[in-house]
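Student: I would like to see how this sequence folds:
(2 chains)
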Amino acid sequence: EAQVTQNPRYLITVTGKKLTVTCSQNMNHEYMSWYRQDPGLGLRQIYYSMNVEVTDKGDVPEGYKVSRKEKRNFPLILESPSPNQTSLYFCASSSSWGSYGYTFGSGTRLTVV
Amino acid sequence: QKEVEQDPGPLSVPEGAIVSLNCTYSNSAFQYFMWYRQYSRKGPELLMYTYSSGNKEDGRFTAQVDKSSKYISLFIRDSQPSDSATYLCAMTLEVLIFGTGTRLQVFP
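Tutor: Sure, this is the predicted structure:
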């Protein structure tokens, strides 16, 4: 089954403790992206990657890092999480940049206390 | 001004009603216009997409784009309780930009 898999689904952590949210897709998509979803603000793009070793900032990149060493994986790294990063995070992939066919993961609900 | 504006709702309608969901946008260069549906505790899933002005129909769903007015709509006919979800409009130029979503509840 074609899918984007995120882990973990739920995470509670403390301020300052580094964490990684993993994202993997099995569709051989070139384009991958991370979004955060907050009430009243909708989905906002954090980082995106057009291909292996090619990443760029989205609208809200502060406090996040990403890497794209393999085509299928696009982890999101929070080096020093803060409470304002408490949110619902989604990874998405697409066969090409700027197209319509985005597939989303099921989300990671992160709480930073 | 946000690039994409969407009425947040919530909308509550009886089963069988016709539902109209709307978005306006400011950038005339947007290429694809999409509607995503998001069930609770799930990721958004693509419902419909179009790239030209006019209507596109898929079963009970009709997507409408009016590029001259910078306005898109999603119509749901004969709405069902299973349609209860948040509906997000989205548009692409180089990246995907979402509206804030409209929560819809269809009650039996």
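
Student: low-confidence ranges, chain B, go.
Tutor: Filtered on pLDDT under 70, chain B yields the residue ranges B:1.

Student: how about the residues of it near chain A?
Tutor: Counting by C-beta under 8 Å from any C-beta of the partner chain, the residues of chain B close to chain A are B:6, B:8, B:31-32, B:34, B:41-46, B:49, B:51, B:88, B:92-96, B:98-101. Bear in mind the C-beta positions are built from the backbone N, C-alpha and C, glycine included.

Student: so what's A:V66 closest to, chain neighbours aside?
Tutor: Closest residue to A:V66 apart from its sequence neighbours, by C-beta to C-beta, 6 or more residues apart in numbering or on different chains: A:Y47 at 4.3 Å.

Student: buried residues, the host helix or strand of the one you found. List them.
Tutor: Assigned by DSSP states H and E, A:Y47 falls within strand A:42-51. For strand A:42-51, the buried set under the neighbour-count rule, 16 or more other C-beta atoms under 10 Å in any protein chain shown, comprises A:G42, A:L43, A:R44, A:Q45, A:I46, A:Y47, A:Y48, A:S49, A:M50.

Student: who in chain A is up against chain B?
Tutor: Proximity of chain A to chain B, by C-beta under 8 Å from any C-beta, involves residues A:4, A:33, A:40-43, A:45, A:48, A:58, A:90, A:92, A:97-107.

Student: now those: which count as buried?
Tutor: Neighbour counting by 16+ other C-beta under 10 Å classes A:4, A:33, A:42-43, A:45, A:48, A:58, A:90, A:92, A:97, A:100, A:102-105, A:107 among the residues of chain A next to chain B as buried.

Student: what residues are up against A:R44?
Tutor: Shown in contact with A:R44 (C-beta atoms under 8 Å, 6 or more residues apart in numbering or on different chains): A:Y35, A:R36, A:Q37, A:D38, A:G58, A:D59, A:V60.

Student: and it, how far from A:F90?
Tutor: Distance of A:R44 to A:F90, computed by C-beta to C-beta, to the nearest Å: 10 Å.

Student: who touches both of these two?
Tutor: Common neighbours of A:R44 and A:F90, using C-beta under 8 Å, 6+ apart, are A:Y35, A:R36, A:Q37.

Student: many thanks, have a good one.
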